[in-house]
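>>> I'll drop the sequence and a predicted model, then ask my questions.
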Amino acid sequence: VQLVESGGGLVQAGDSLRLSCAASGRTFYNMAWFRQAPGKEREFVGAISRSTGRTAYADNVKGRFTISRDNAENTVYLQMISLKPEDTAVYYCAGAFASFSEAVATQNLYAYWGQGTQVTVSS
């Protein structure tokens, strides 16, 4: 099982960026994005159900970030707009076999993780 993120980079505040996460080896029920900024704990960004497309987002990204999926490609995307310097972090993709629920923001729910991709937003 492998999750591979791509699409990170250096952008300016206000710019947009789209991250991709390609999964191979297993089909997850839910996939999510987390991020970890320097000196901070890893935090939930958003999640999506493979079957229903239902999504959930952290309050600090609602309205700016959108998660989508391509089930045929077993890939999820994180579209980020109006990026802020505080969005700077390593972004991780994660996959879970549990049903989509209020627990989707819980890291322990996710059995598999990608290696992360760096997003840096300059002011």
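The structure has been received and is ready for your questions.
>>> Spell out for me which residue occupies the centre of the chain.
Nearest residue to the geometric centre of the chain (Cα atoms, centre = their mean): residue 33, 2.1 Å.
>>> Could you check how far that residue is from residue 123?
Distance of residue 33 to residue 123, computed by Cβ to Cβ, to the nearest Å: 23 Å. Any C-beta I mention is one placed from the backbone N, CA and C, and that applies to glycine too.
>>> and what of residue 60?
Distance of residue 60 to residue 123, given as Cβ to Cβ: 17 Å.
>>> higher neighbour count, the two?
Neighbours around residue 60 and residue 123, counted as other Cβ atoms under 10 Å, are more numerous at residue 60. The numbers are 12 against 9.
>>> ok, the residue nearest to the centre of the chain - contacts?
Residues in contact with residue 33, defined by Cβ atoms under 8 Å, 6 or more residues apart in numbering, are 19, 21, 45, 46, 47, 67, 76, 78, 91, 92, 93, 94.
>>> That one is in what secondary structure piece?
Assigned by DSSP states H and E, residue 33 belongs to strand 30-36.
>>> List the buried residues in that strand.
Neighbour-count burial for strand 30-36 flags 30, 31, 32, 33, 34, 35 (criterion: 16 or more other Cβ atoms under 10 Å).
>>> Touching, the first one and residue 48? I think so.
Yes. Here residue 30 lies in contact with residue 48, judged by Cβ atoms under 8 Å, at a distance of 6.8 Å.
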